[in-house]
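*Asks:* Have a look; sequence and predicted model below, questions after that.
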Amino acid sequence: MKIIGIAGGTGSGKSTFTNRLKAAFGSRIAVLYHDNYYRSQDSVPPEERKKVNYDHPDALETDRLVRDLRELKAGNPIDSPVYDFSTHNRSRRTIHIEPREIILVEGILVLSDPLLRDMLDVKIFVEADADERILRRVIRDVKERGRDLEGIVDQYLSTVKPMHYLYVEPTRSLADLVINSGMNEVAFEVMKSKIEKWLEDR
Ligand SMILES: Nc1ncnc2c1ncn2[C@@H]1O[C@H](COP(=O)(O)OP(=O)(O)O)[C@@H](O)[C@H]1O
Ligand SMILES: O=c1ccn([C@@H]2O[C@H](COP(=O)(O)O)[C@@H](O)[C@H]2O)c(=O)[nH]1
């Protein structure tokens with residue numbers, strides 16, 4: 001089994017790149033989203049949840065993600081948690097994931113944790129200018145994550161931006177490949193060929 005990590009700032013194009021690879025290989029690839037491993041906020045009142053720093057590594061249950069990857073590597077299926085951004089909380093649902101030859105792991109901080117990073121066969125960092133990333137985030141968070149403009153701006157300035165420069169950006173230098181867009185055709189072809197080769201060789 002090969003594990004590919006896809007990191008990068010919010011709105012950089014990680015999901016775009018991940019989804020393109022997933023679409024090319026279908027059920028031969030499984031995807032684990034680090035976002036789904038945000039900690040449960042059951043004990044935090046709904047109004048307080050907005051103030052949590054979701055861009056600090058401690059907000060994520062990365063040790064569970066590492067355990068789940070180890071299970072998949074050992075040939076066992078897992079039940080991944082599912083996170084609901086509209087309520088800032090883990091949902092009651094889980095996603096059953098069977099072991100696959102290729103696993104993609106996507107999230108802003110997948111290159112930050114040493115245990116997780118050491119499990120990755122390829123480390124990718126997707127970059128994009130900060131202004132483009134925040135503009136994309138505004139549109140996405142309003143349309144898909146039930147947010148309002150004021151809340152997005154407050155959160156961006158208080159936590160998302162400072163944490164990006166503290167924890168996300170420094171992992172760029174740990175990547176094997178730095179790509180300038182999730183739509184980058186050359187990077188897509190390179191990764192597609194690499195995955196095809198892995199699948200042929202097994
Ligand atoms: N190169 C691009 N050009 C235009 N829009 C893009 C590009 N990359 C991503 N987007 C759009 O920006 C939004 C955020 O991209 P996404 O891949 O979800 O980012 P991330 O997963 O890194 O947060 C999505 O609506 C996506 O369609
Ligand atoms: O309850 C939450 C949990 C996370 N976030 C934000 O999500 C992004 C990471 O997701 P991307 O898809 O990479 O943008 C992170 O910057 C957190 O701030 C949230 O808003 N609420």
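*Replies:* Received the coordinates, thanks. Ligands and ions are numbered 1, 2, ... in the order given.

*Asks:* Next, work out how far apart Val31 and Ile95 are.
*Replies:* Going from Val31 to Ile95 by C-beta to C-beta, to the nearest Å gives 10 Å. Placement of C-beta: from N, CA and C, glycine included.

*Asks:* same thing with Leu116?
*Replies:* Counting by C-beta to C-beta, the gap from Leu116 to Ile95 is 19 Å.

*Asks:* give me every residue that touches the residue nearest the centre of the chain.
*Replies:* Nearest to the geometric centre of the chain sits Gly107, at 1.7 Å (C-alpha atoms, centre = their mean). If you count contacts by C-beta atoms under 8 Å, 6 or more residues apart in numbering, Gly107 has them with Ile6, Ala7, Lys14, Tyr33, His34, Asp35, Leu60.

*Asks:* And the helices in the protein?
*Replies:* Along the chain, the segments classed as helices by DSSP state H run 14-25, 46-49, 62-73, 114-118, 130-144, 149-155, 161-163, 185-201.

*Asks:* hey, least reliable of those by pLDDT?
*Replies:* When the helices of the chain are compared on average pLDDT, helix 46-49 comes out lowest at a mean of 92.

*Asks:* From the rest of the structure, what touches it?
*Replies:* So helix 46-49 is contacted by Gln41, Thr87, His88, Asn89 (C-beta under 8 Å, 6+ apart).

*Asks:* how close does the second one get to ligand 1?
*Replies:* By that I understand Thr87. 19 Å (C-beta to the nearest ligand atom, to the nearest Å).

*Asks:* and that residue, how many neighbours does it have?
*Replies:* Neighbour count for Thr87, taken as other C-beta atoms under 10 Å: 12.

*Asks:* For it, what are phi and psi?
*Replies:* Taking degrees, to the nearest 10, you get phi -110, psi 0 for the backbone angles of Thr87.

*Asks:* residue contacts, it?
*Replies:* Here Thr87 is in contact with Pro46, Arg49 (criterion: C-beta under 8 Å, 6+ apart).

*Asks:* Show me which residues of this structure are close to ligand 2?
*Replies:* Contact residues, the chain versus ligand 2 (C-beta under 6 Å from any ligand atom): Thr10, Gly11, Lys14, Asp35, Tyr38, Tyr54, Asp55, Phe85, His88, Ile108, Val160.

*Asks:* of the residues you listed, closest to Lys194?
*Replies:* Lys14 (17.9 Å; C-beta to C-beta).

*Asks:* residues near that closest one, how many?
*Replies:* That count, for Lys14 with other C-beta under 10 Å as the rule, works out to 26.

*Asks:* about what we covered before: widest-spaced pair of the residues of the chain next to ligand 2?
*Replies:* Top of the distance list for the residues of the chain next to ligand 2 (C-beta to C-beta): Lys14 and His88, 20.1 Å.

*Asks:* Show me which of Val31 and Ile95 is the more surrounded one.
*Replies:* When Val31 and Ile95 are compared for neighbours, Val31 comes out ahead with 21 against 14, by other C-beta under 10 Å.
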